[in-house]
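need the 3D shape of this:
(one chain, ligands or ions: 2)
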Amino acid sequence: MKFLKQITPRMIIVMMILVQLFESLFLVCSSSRYVAIAYLFILNLIITFILLSQAKNYTLRRHDFIRKINDEAENSLNATLDNMPIGVIRFNEKTLEPEWFNPYIDMIYKGNDSVIKREDIKLILKKKLEDQYVTIGNQKYVVNVDEEKHLIYLIDATKEVAFRSDFNDSRAVIGAIYVDNYDDATDLISDSGRTVINNFIASFLEEFSDKYAFYLRRITSSRYFFFCDYRVLDQMIKDKFEVLKEFRTKSTEKEFPLTLSIGVSYGWEDFPNIGNVAMNNLELAQVRGGDQVVLRENSEQARPVYFGGNSEGRTQKSRTRARAISTALRTIISESEDVFIVGHRFTDMDALGAAIAMKVFANMTGKEAFVVYDEKQLLPDVARAIEKMNESADGFTHIVKLETARRLKKPNSLLIMVDHSKPTQTLDFDFYHSFEKLVIIDHHRRNDDFPEQPLLSYIESSASSASELTVEILQFHDNNRRKMSTIEASIALAGIEMDTKNFTKATTARTFEAAAYLRSRGADNDLIKVIMATDFEKYKIVNEIVINSEIVFPGIVLGMGKKDQKYDNITTAKAADTMVEMAGVTAAFALTLHPNGFISISARSRNGFNVQTLMEQMGGGGHFNNAATQIYEKTLSEVKADLIRFLEERIENEDNH
Ligand SMILES: Nc1ncnc2c1ncn2[C@@H]1O[C@H](COP(=O)(O)O[C@H]2[C@@H](O)[C@H](n3cnc4c(N)ncnc43)O[C@@H]2COP(=O)(O)O)[C@@H](O)[C@H]1O
Ligand SMILES: [Mn+2]
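Ligands and ions are numbered 1, 2, ... in the order given. Sure, this is the predicted structure:
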C-alpha cells in the first residue's frame with residue numbers, strides 16, 4: 001500500500017472529478033439500473049477507503065514532522081549548552097550533590113583532576129551569597145543561580161575583573177607628609193645641627209619615594225607632598241605603612257624626637273578635592289597624636305583608615321599655638337552674646353575643671369558664661385564640686401542645669417565643648433545641635449565623629465588633661481577684670497590631678513606650669529581631697545571587680561562586674577586603673593553593666609600597648625593608654641568574647657609583624 005501514501009490532495013481532487021464523470025457516464029449508458037448501482041457502491045467504497053487511509057497518512061506525517069523538528073531543536077540546544085562558554089550545573093536541592101553539568105564545566109574544572117563535587121557547589125553558592133566572583137584556576141567567574149530549577153550558571157568574567165582592577169589601580173593618589181615636632185627639634189639648635197636634621201629627613205623620604213617609585217615634592221623642610229597611582233598606594237597599605245616605624249626608629253637612633261604624620265587620599269578626576277581630603281587627613285593624623293597615617297578615599301561615604309599611632313603621641317604642643325588660640329578665642333567670645341560650656345556625658349572632674357577655666361576666660365573677655373550640667377548624669381565627685389561652688393561666696397555661680405541653659409540660650413550664644421569633640425559623646429545632643437557657633441577644646445585624639453564647622457578647634461592630644469589646656473590659654477589672657485577664685489582654681493587642679501593620676505602619668509613641664517598657676521590662684525589641696533574622696537562602699541565595689549579578674553593573655557587582665565549589678569563609669573574606670581598598676585600587667589580591661597543598659601569597658605595600658613585603637617574597633621575611643629567604650633544590645637559575656645577576639649587578632653598581628 002506504499003503507493004497510497006504518495007497520493008496528494010491535488011491527485012484526490014483530479015481523481016474525484018474523473019470518478020464523477022465516469023459515474024455519470026456509467027449511469028447514462030448502463031442497461032441495468034441495479035448493476036449500475038452495485039458498481040457505483042463498490043466504487044464509492046474504494047474511494048472512501050482511499051480517503052480514510054490518506055487522512056491517516058496525513059496525521060502520521062504531521063507527528064513525524066513535529067518529532068523531527070523537536071529532535072532538531074533539542075540537538076541544537078544541546079550543542080549550544082555543550083559549546084557556549086557558560087558552565088551549567090544542576091544540583092540536588094537537599095544534598096547539594098551535582099546531578100548534571102554541561103561539558104563546559106568539565107573544561108572549567110580541568111586540571112583539578114576530578115569532576116565537580118558537592119564542596120565546589122557549596123563554595124559557589126557561598127560566593128554568590130557574598131556577591132563575589134568564584135576563582136577556579138586562573139579564571140574568575142560570575143555566578144547566577146536559578147533557585148527554582150537548582151541550576152548554577154558560571155560565566156567567565158576574567159577579562160572584566162582584570163580590566164576593573166587595572167581601572168581601580170589607575171586612581172590618582174595625593175599624599176601630604178608632615179614631620180612631627182620639627183619646629184621644637186630645630187628651634188634652639190645651631191645651623192649645622194638643623195642641616196643634619198634636614199638632610200636626615202630629605203634622604204629618608206627620598207629613599208621612601210625610590211622604594212615605591214612615587215613622585216615626591218618638598219615644600220618646606222618639614223612638609224612634603226607625594227603623587228602616585230593606587231597600585232603604589234596599595235603596596236604601602238600591604239606593607240602597613242612600615243615607613244612610620246622605620247622613620248621613628250632611625251630618628252630615635254639619631255636622638256631626634258621626630259615622627260611622621262601622613263594624610264592620603266585617592267579617587268578619580270577631582271584632583272582639587274583629593275588634595276583637600278589629603279590635607280584634612282594630615283590634620284587628623286596630627287591631632288590624633290602624630291606618628292600615623294590617615295587614609296580616606298575622596299568620596300562622601302568613605303571612612304578614614306588609620307595606620308600606625310603605635311607610639312604614645314610624641315608631638316609636643318607649642319606655646320606659640322596656645323597663645324594664638326587664646327587670642328582667637330577672645331575674638332570669638334567678644335563677638336558672641338554669651339557663652340555656654342559643656343563637657344562630655346557623665347561629665348567628670350577634668351571636664352568640669354576645664355569648663356570652669358573657660359567660664360573664667362569668658363568673664364575676663366567681659367562676657368557672661370554658664371557651665372552646663374545634667375542632674376541625671378552627675379558623678380559623685382562632680383556633684384560635690386558643684387555643691388562647693390554653690391556654697392562659695394560668689395552668689396550665682398553660673399553652674400546651671402540643662403533645662404535652665406536651654407531657657408537662657410540666645411541665638412548668638414557660643415557653645416564651647418571641653419574634654420570631648422564627638423557630638424555623640426556630648427552632654428546633650430539636642431542642646432549641642434541648637435548652637436550655630438561652636439568652639440572645641442580637647443585633649444583626646446579626634447576621629448571622624450567631629451562637628452562639621454567649628455569656629456575654632458584646639459585639640460592637643462599631648463596635653464595631660466583638658467583642664468591643663470584651658471588653664472594654659474587662660475594664663476595668656478590673665479587680666480585684672482576677673483580673677484580665678486580659690487574654689488574654681490581647686491576644681492581645675494582636681495581635673496589635672498584626676499587625669500594625671502596625681503601627676504604620675506602624661507605630665508609635661510607644661511602640666512606643672514598650669515598646676516603652679518592654679519596654686520598661685522589659691523587652689524587648695526584639702527578642698528581637692530574632700531571633693532575627690534572615694535566613697536567607702538564604692539571602694540569595696542571597685543575591689544569586687546578587681547577580685548573577679550583573670551589573666552586572659554600574658555600581661556593582659558580582664559576584670560568583670562557581676563552580670564546583674566549596675567556600675568557607674570567611675571567605678572569601672574577605677575577598677576581598670578587599679579588592675580593596670582599591678583606588676584607584670586601591660587593592659588587591663590574592666591567590663592561592667594551600666595545603669596543606662598549598655599556594657600562599659602574601661603581600658604588602661606602601659607608599655608606601648610595601644611588601647612585606644614582597640615576601643616575604637618569596639619565603637620569607643622580615648623587615649624593611647626586610657627580608653628573606653630559603651631556597647632548596647634549585648635550581654636556582658638558577649639562583649640567579653642568580642643574583646644578576647646579583638647585581643648587575639650591584635651596579638652596575632654603583632655606576632656606576624
Ligand atoms: N565612646 C567613646 N568614644 C571615645 N572616647 C571615649 C568613649 N568612651 C570613653 N571614652 C574616653 O575613654 C577614656 C577612658 O574613659 P573611662 O570612662 O574609662 O575613664 C574616664 C572616667 O570615667 C574616669 N574618671 C572620672 N572620674 C574619675 C575619678 N574620680 N577617679 C578615677 N577615674 C575617674 O577617668 C576617665 C576620664 O578621662 P578623660 O575623659 O580623658 O578626662 C576617656 O578619655 C574617655 O573620654
Ligand atoms: Mn579629660
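
from here on, contacts and neighbour counts on C-alpha atoms
Will do.

so what touches the helix or strand harbouring Ile545?
If you go by DSSP states H and E, Ile545 is part of helix 536-547. The set of residues external to helix 536-547 that reach it, using C-alpha atoms under 8 Å, 6 or more residues apart in numbering, is 559-562, 571-572, 574-576, 578-579, 590.

restrict those to those near ligand 1?
For ligand 1, the contacts drawn from those by C-alpha under 6 Å from any ligand atom are Lys574.

state the pLDDT value of the residue in the stretch 151-300 of the chain that ligand 2 sits nearest to.
Closest approach between the stretch 151-300 of the chain and ligand 2, counting by C-alpha to the ion: Arg288, at 14.8 Å. pLDDT for Arg288: 73.

do the same with Asn607
At Asn607, the model reports a pLDDT of 76.

how close does it sit to ligand 2?
Going from Asn607 to ligand 2 by C-alpha to the ion, to the nearest Å gives 21 Å.

is it true that that residue touches Thr586?
Yes: at 6.3 Å, Asn607 counts as touching Thr586 under the criterion of C-alpha atoms under 8 Å.

and the chain, what are its domains?
By the assignment in automatic domain parsing, the chain contains the domains 2-81, 86-165, 172-308, 319-532, 541-656.

what residues are up against Gly263?
Going by C-alpha under 8 Å, 6+ apart, Gly263 touches 175-177, 278-285, 293-295.

now Val585. Nearest residue, chain neighbours left out?
What sits nearest to Val585 in space, not counting adjacent residues and going by C-alpha to C-alpha, 6 or more residues apart in numbering, is Gly555, at 4.4 Å.

and for Gln377?
Take Gln377 and drop its neighbours on the chain: the residue closest to it by C-alpha to C-alpha, 6+ apart is Phe346, 4.7 Å away.

now do the one you found, the pLDDT please.
We have a pLDDT of 92 for Phe346.

I'd guess it is in a strand, am I close?
No: counting by DSSP: H, G, I helix; E, B strand; the rest coil, Phe346 is not part of a strand but coil.

if we can go back for a sec, doesn't Met582 make contact with the residue nearest to Val585?
No: using C-alpha under 8 Å as the test, Gly555 is too far from Met582 to be in contact (9.8 Å).

spell out which parts of the stretch 551-657 of the chain neighbour ligand 1.
Within the stretch 551-657 of the chain, the positions near ligand 1 by C-alpha under 6 Å from any ligand atom are 569-570, 573-574, 602-603, 620-623, 626-630.

so which helix or strand takes in Ser192?
helix 191-212.

cool, and Ile332?
Element membership for Ile332 (DSSP H and E) is helix 319-334.

what residues of that helix count as buried?
Of the residues in helix 319-334, those with enough neighbours to count as buried (16 or more other C-alpha atoms under 10 Å) are 322-323, 325-326, 329-330, 332-333.

want to throw those residues into CSV with pLDDT and distance to Tyr539?
What follows is those, written out as CSV (pLDDT from 0 to 100; distance: C-alpha to C-alpha, whole Å):
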residue, pLDDT, distance to Tyr539
Ala322, 84, 38
Arg323, 83, 41
Ile325, 84, 40
Ser326, 89, 40
Leu329, 91, 41
Arg330, 90, 42
Ile332, 89, 44
Ile333, 94, 42
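
could you dump the residues you listed to JSON lines with distance to ligand 1?
Listed next are these as JSON lines, based on distance: C-alpha to the nearest ligand atom, whole Å:
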{"residue": "Ala322", "distance to ligand 1": "20"}
{"residue": "Arg323", "distance to ligand 1": "23"}
{"residue": "Ile325", "distance to ligand 1": "21"}
{"residue": "Ser326", "distance to ligand 1": "21"}
{"residue": "Leu329", "distance to ligand 1": "22"}
{"residue": "Arg330", "distance to ligand 1": "25"}
{"residue": "Ile332", "distance to ligand 1": "25"}
{"residue": "Ile333", "distance to ligand 1": "25"}
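
contacting residues around the spatially closest residue to Ser30 that is not a sequence neighbour?
Nearest residue to Ser30, sequence neighbours excluded (C-alpha to C-alpha, 6+ apart): Ala36, at 6.3 Å. Residues near Ala36 by C-alpha under 8 Å, 6+ apart: 26-27, 30.

tell me how far Ala36 lies from Ile47.
From Ala36 over to Ile47 the distance is 16 Å, taken as C-alpha to C-alpha, to the nearest Å.

what's across from Thr135 in the sheet?
For Thr135, the beta-bridge partners under DSSP bridges are Lys140.

so which bits of this structure are right by ligand 2?
By C-alpha under 5 Å from the ion, the residues of the chain that approach ligand 2 are 350, 465.

same thing but 6 Å
By C-alpha under 6 Å from the ion, the residues of the chain that approach ligand 2 are 350-351, 419, 465-466, 499.

tell me which of those residues fall in helices.
Taking DSSP state H as the definition of helices, the residues of the chain next to ligand 2 contribute 350-351, 466, 499.

check those residues against ligand 1, which are close?
Residues of those in contact with ligand 1 (C-alpha under 6 Å from any ligand atom): 350, 499.

would TSV of the ones in helices among the residues of the chain next to ligand 2 with distance to Ile545, pLDDT and neighbour count be doable?
As requested, these are arranged in TSV below (distance: C-alpha to C-alpha, whole Å; pLDDT from 0 to 100; neighbours: other C-alpha atoms under 10 Å):
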residue	distance to Ile545	pLDDT	neighbour count
Asp350	24	97	28
Ala351	26	98	30
Ala466	28	97	31
Asp499	21	93	23
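
for ligand 1, what's its nearest residue on the stretch 401-550 of the chain.
Asp499 (5.5 Å; C-alpha to the nearest ligand atom).

got a list of what that residue touches?
By C-alpha under 8 Å, 6+ apart, Asp499 lies in contact with 350, 464-465.

leaving out chain neighbours, which residue sits closest to the residue nearest to the spatial centre of the chain?
The structure's the chain has its C-alpha centroid closest to Arg303; by C-alpha atoms, centre = their mean the separation is 5.5 Å. Residue nearest to Arg303 in three dimensions, not counting chain neighbours: Arg296, with 6.1 Å by C-alpha to C-alpha, 6+ apart.

circling back to that earlier point, quick one: average confidence on the helix holding Ile545?
94.

and the pLDDT at the closest residue to ligand 2 within the stretch 1-150 of the chain?
Nearest to ligand 2, among the residues of the stretch 1-150 of the chain, is Glu130, at 43.0 Å (C-alpha to the ion). If you check Glu130, the pLDDT there is 79.

same check on Thr486?
Thr486 is assigned 93 on the pLDDT scale.

next, the contact list for the closest residue to it other than its chain neighbours, please.
Sequence neighbours aside, Gly522 is the residue nearest to Thr486 in space, at 4.7 Å (criterion: C-alpha to C-alpha, 6+ apart). With contact set as C-alpha under 8 Å, 6+ apart, Gly522 has these partners: 485-486, 489-490.

so Gly522 belongs to a strand, correct?
No: looking at Gly522 with three-state DSSP, it is coil, so not inside a strand.

now do the closest residue to ligand 1 within the stretch 1-150 of the chain against Glu119, distance only.
Closest to ligand 1 within the stretch 1-150 of the chain is Glu130: 30.9 Å, counting by C-alpha to the nearest ligand atom. As judged by C-alpha to C-alpha, Glu130 and Glu119 stand 17 Å apart.
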